[in-house]
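Chemist: Test case, fold it:
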Amino acid sequence: MLIEFTVGNYLSFKDKKTLSMEATAIKDNPENVIETGKYRLLRSAVIYGANSSGKSNFIKALDTMNKLVTSSAKNNSTSDIDVIPFLLNIETENQPSYFEILFLIDGIRYRYGFEADNKIIHAEWLYECKSNSEKFLFIREKDSIEITSDFEEGKWIEEKTRDNALFLSIVDQFNGAISKKIMLWFERQRILSGLQHENEKALTFGILKDDDMKHMIKDFLSPLGLGFQDFELKDNKIITFHNKFDKLGNIIDKREFDLLKQESSGTNKLYDMAGNLIFGLKMGTLTVIDELDAKLHPLLTMAIVKLFNSPIHNPINAQLIFATHDTNLLNYGCFRRDQIFFTEKSSFESTDLYSLVEYIESDGKKVRNDRSFEKDYIAGRYGAIPFVGDFSKLTNNGQSSEN
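Modeler: Numbering: from 1, shown residues only. Predicted coordinates for the structure are as follows:
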């Protein structure tokens, strides 16, 4: 399970910013909290902010870290590293980007991170915490890698690690026990685009081809009221079945529709993403979605959120992080204050990330749980909204509003 993720000097993030999934001491929505050993973690988190404020960049940062970890060992010695620093400041444009993540595997907390530019890994580290004290397993500073006796799997692999490759990924290539389970944790993450969702349908297809698993897709889609009574995989296409009626409104037959050609874009999105959402819930892994609400009715977005927030429907403790503009979710009591995050650009074009629970209002007090979060957010009380300028010149065809 994810505890926190930190990114710095990457795209619009100049300074280090952290999204924490650790629950605070507030009493709101206790069912949204996972109790696991000494940790209290959130089942979900939502990110709001104006267009171009950095919501998508935060998710790109998670995706970039994931891809570098899982693919680093497969690249060759001349491959570039796909990172872009904050380019609007002379102090950061030539400095490495920073990524660090804290997570739990089998009750053990790991802290793993690295600094990289587009050519080399500048630093890399892995810490382990089994009880109360944290100890490092390895620390890398460019060409030097220090390994402890608790990470024997990394011995003699230092010289096999290229400047542009992550040491953790290389150790995994040699079947290291710790590196293997960390690699599996990263590989099980689902990081999705709510706009380019067509790329995600392969997993749904695979589940539907498995007779023992296809009921999970139907169990997920059936309660959402999408208009069809059933669907099946036929000739490598998804066919939906609609009732056909006579003049008196009696059901006389079924009509087949091609999902891709004859159903709505929202229905297609739900189908495309169904496999990944079910995978996350069934495997108890992290699912991250940019623009979750795109093409979806607010009630459908809320239904997905409630699945992850529910101890009944999410018994294996999967987690969901998503970016959205759907402020309706703030009005339905779906979230605790520590589950709501905002992104906002500074006057220097860098992104700030902060949660509602830590936001200090003008009177010096924190936000109360009886506030109308949606109303206050739209009114600009918490920041992170677009500044809309004066359209008078446009509406007056360039003439002064005084004319």
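Chemist: Next, the contact list for Thr18, please.
Modeler: 4-6, 353 (C-beta atoms under 8 Å, 6 or more residues apart in numbering). Any C-beta I mention is one placed from the backbone N, CA and C, and that applies to glycine too.
Chemist: Which of the three states applies to it?
Modeler: At Thr18 the chain is in strand, as set by DSSP: H, G, I helix; E, B strand; the rest coil.
Chemist: which among the contacts of Thr18 gets closest to Ala318?
Modeler: Ranked by distance to Ala318 (C-beta to C-beta), the contacts of Thr18 are led by Phe5 at 16.3 Å.
Chemist: tell me the contacts of the residue nearest to that closest one when sequence neighbours are not counted?
Modeler: Closest residue to Phe5 apart from its sequence neighbours, by C-beta to C-beta, 6 or more residues apart in numbering: Ile101 at 5.0 Å. Taking C-beta under 8 Å, 6+ apart, we find Ile101 in contact with 2, 4-6, 65, 111-113.
Chemist: mind listing what's buried in stretch 242-254?
Modeler: Along stretch 242-254, these residues count as buried under the neighbour rule (16 or more other C-beta atoms under 10 Å): His242.
Chemist: I should have written stretch 339-349 there, sorry.
Modeler: Of the residues in stretch 339-349, those buried (16+ other C-beta under 10 Å) are 339-345.
Chemist: Return the distance of stretch 183-190 from the chain's centre.
Modeler: In terms of C-alpha atoms, centre = their mean, to the nearest Å, the centre of stretch 183-190 is found 13 Å from the chain centre.
Chemist: circling back: so of the contacts of Ile101, which ones are in strands?
Modeler: Counted as lying in strands by DSSP state E, out of these, are 2, 4-6, 111-113.
Chemist: Grab the most central residue of the chain for me.
Modeler: The chain has Val288 as the residue nearest its centroid, 2.2 Å off, counting by C-alpha atoms, centre = their mean.
Chemist: Just the element for that residue, please.
Modeler: Per DSSP states H and E, Val288 falls inside strand 286-290.
Chemist: In a markdown table, list the buried residues of stretch 339-349 along with pLDDT, distance to Ile191 and secondary structure.
Modeler: Formatted as a markdown table, these follow (pLDDT from 0 to 100; distance: C-beta to C-beta, whole Å; DSSP: H, G, I helix; E, B strand; the rest coil):
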| residue | pLDDT | distance to Ile191 | secondary structure |
| --- | --- | --- | --- |
| Gln339 | 96 | 19 | helix |
| Ile340 | 94 | 20 | strand |
| Phe341 | 96 | 17 | strand |
| Phe342 | 94 | 21 | strand |
| Thr343 | 95 | 17 | strand |
| Glu344 | 94 | 23 | strand |
| Lys345 | 94 | 23 | strand |
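Chemist: Tell me which two in the residues you listed are the farthest apart.
Modeler: Among the buried residues of stretch 339-349, Gln339 and Lys345 lie farthest apart (C-beta to C-beta), at 22.4 Å.
Chemist: Asp136 in helix, strand or coil?
Modeler: One correction, residue 136 is Phe, not Asp. Looking at Phe136 with three-state DSSP, the answer is strand.
Chemist: Can you get me the start-to-end distance on stretch 137-154?
Modeler: 9 Å (C-alpha to C-alpha, to the nearest Å).
Chemist: Pull out the buried residues from it.
Modeler: Buried, per 16+ other C-beta under 10 Å, within stretch 137-154: 137-140, 145, 147, 151, 153-154.
Chemist: a markdown table for the residues you listed, including distance to Gln319, pLDDT and secondary structure?
Modeler: Listed next are the buried residues of stretch 137-154 as a markdown table, based on distance: C-beta to C-beta, whole Å; pLDDT from 0 to 100; DSSP: H, G, I helix; E, B strand; the rest coil:
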| residue | distance to Gln319 | pLDDT | secondary structure |
| --- | --- | --- | --- |
| Leu137 | 24 | 97 | strand |
| Phe138 | 27 | 97 | strand |
| Ile139 | 28 | 97 | strand |
| Arg140 | 28 | 97 | strand |
| Ile145 | 31 | 95 | strand |
| Ile147 | 31 | 96 | strand |
| Phe151 | 27 | 96 | helix |
| Glu153 | 28 | 95 | helix |
| Gly154 | 29 | 94 | helix |
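Chemist: From those, pick the one nearest Ile312.
Modeler: Leu137 (37.3 Å).
Chemist: want to try JSON lines for the buried residues of stretch 137-154, with distance to Asn94 as columns?
Modeler: Shown next, in JSON lines, are those (distance: C-beta to C-beta, whole Å):
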{"residue": "Leu137", "distance to Asn94": "30"}
{"residue": "Phe138", "distance to Asn94": "27"}
{"residue": "Ile139", "distance to Asn94": "24"}
{"residue": "Arg140", "distance to Asn94": "21"}
{"residue": "Ile145", "distance to Asn94": "24"}
{"residue": "Ile147", "distance to Asn94": "30"}
{"residue": "Phe151", "distance to Asn94": "32"}
{"residue": "Glu153", "distance to Asn94": "34"}
{"residue": "Gly154", "distance to Asn94": "30"}
